[in-house]
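**Q** Return atomic coordinates for the entry below.
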Amino acid sequence: MDQVQNLPPHVQGEFMKNMEQMQMKDSLVMYNTLVERCFGTCISSFRSKSLDKYETTCMENCASRYIKMTQRVGLRFAEHQAMQQKRAADAAAAAATK
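**A** From the prediction side, this is the model:
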């Protein structure tokens, strides 16, 4: 992200707008996936307008687990990216000293 500061202001604005759009899209995809997965798992009948106690509890637990899993995957991905960047920097430094 440091390279973004080196871009001309109009390109920075366009870049940030694209980033915001991608983040919004990712959020909507995550939300839709959560709803589809939990609804398919927890809702089995349409006897009434409201959810029964089992369905409510199941939906809450499912959503909680899904969000925790998504956060954990994101954290692991960030750790992996940091490790890859460190390896690349170490390799570049080793190549420069030879």
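**Q** For the longest helix seen in the chain, name the packing helices and strands.
**A** Of all segments of type helix in the chain, defined using DSSP state H, the longest is helix 53-97. Counting contacts by 3 or more CB pairs under 8 Å, 6 or more residues apart in numbering; DSSP states H and E, helix 53-97 is packed against helix 9-42. Any C-beta I mention is one placed from the backbone N, CA and C, and that applies to glycine too.
**Q** Check which helices and strands the helix it packs on sits against.
**A** Partner elements for helix 9-42 (3+ CB pairs under 8 Å, 6+ apart): helix 53-97.
**Q** pretty sure residue 59 is touching residue 50, no?
**A** No: at 11.9 Å, residue 59 does not count as touching residue 50 under the criterion of CB atoms under 8 Å.
**Q** Show me which of the two is the more surrounded one.
**A** More crowded of residue 59 and residue 50, by other CB atoms under 10 Å: residue 59, with 18 against 7.
**Q** Right, I'll call it a day here.
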